[in-house]
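**Q** Have a look; sequence and predicted model below, questions after that.
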Amino acid sequence: MAAHPAFADWDGSVAHARAMQSELAQRVVLRDGFPKTLRTIAGFDVGFEEDGAVTRAAAVLLDAETLQPLQSEVARIETVMPYVPGLLSFRELPALLKALDRLGATPDLVFVDGHGIAHPRRLGIAAHFGVVTGLPSIGVAKKILVGAATTVPHQMRGAYVALRHKGEQIGWLLRSKPNCNPLIVSPGQHVAMASAADLTMRFVTRYRLPEPTRLADRLASRRDEDRG
DNA sequence: GCGACAG
DNA sequence: ATCTTGTCGC
């Protein structure tokens, strides 16, 4: 099934995938582990072609200071698994890792479209990506998978409220843009809960999505009649 | 048992 | 995720 070494020991079953998530979740560290001054950051997202038969991942490297894109890569692989809520990383991570490979560079921080620890077993695709690569990561999703917030964030840009699940905070609902649905931001690897929202807002310009994820989104989807 | 369910 | 034009609201 999966062709990437990170999935070499997976027997292909849903049960084993869940067990692997629980084990990998133990390795997630919620402590800021990135340079004080970010040099480069990257955004990752996935899209599909050929009716889902082909998985296409996009990676965009940006200058953390100017937010200007420095490099863009698109990787394609044969789709390895259907979409199953909670097991998204087993479907999309192989392609994302290939895109990171093509990037060659080592960004100081990575943003992945999807959840970090805001997941049933605390291992959303951004957290999985971080544990496997060792890179600091943050998950930026558009919808909640699990958990709930007591209130909604104020309409002011940058406002946020906690997303909780089973007695613990698993992320934030962040109003990145006024009058737009809040983003669900959660730490992946080497990022503290308290820093996740700030770090994300740091890269939001005039759109709902932060630049890293927004640019990767355009490349992964077929909106920008593409390249690669 | 019944719904909810990232992309 | 993906198929797709116009339209309402800030």
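**A** Done, it's in. Numbers count the residues shown, from 1 in each chain, chains lettered A, B, ... in the order given.
**Q** Contact partners for residue A:102?
**A** For residue A:102, the contact set (CB atoms under 8 Å, 6 or more residues apart in numbering) comprises A:59, A:73-75. Where you see a C-beta, it was placed from the backbone N, CA and C, and this is true even at glycine.
**Q** Looking at those, state which has the most neighbours.
**A** residue A:59 (30 neighbours; other CB atoms under 10 Å).
**Q** rewinding a little: which member of the contacts of residue A:102 is positioned nearest residue A:6?
**A** Nearest to residue A:6 among these: residue A:75, at 14.5 Å, using CB to CB.
**Q** does the closest one sit in a helix or strand, and which one?
**A** strand A:69-78 (DSSP states H and E).
**Q** and if you look at residue A:91?
**A** Per DSSP H and E: helix A:88-103 holds residue A:91.
**Q** what is the mean pLDDT for that helix?
**A** Helix A:88-103 carries an average pLDDT of 98.
**Q** So which bits of it are buried?
**A** A:88-100, A:103 (16 or more other CB atoms under 10 Å).
**Q** can I get the contacts of residue A:102 in JSON lines with pLDDT and distance to DNA strand B?
**A** JSON lines is the format used below for the contacts of residue A:102 (pLDDT from 0 to 100; distance: CB to the nearest atom of the strand, whole Å):
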{"residue": "A:59", "pLDDT": "98", "distance to DNA strand B": "14"}
{"residue": "A:73", "pLDDT": "97", "distance to DNA strand B": "17"}
{"residue": "A:74", "pLDDT": "97", "distance to DNA strand B": "15"}
{"residue": "A:75", "pLDDT": "97", "distance to DNA strand B": "15"}
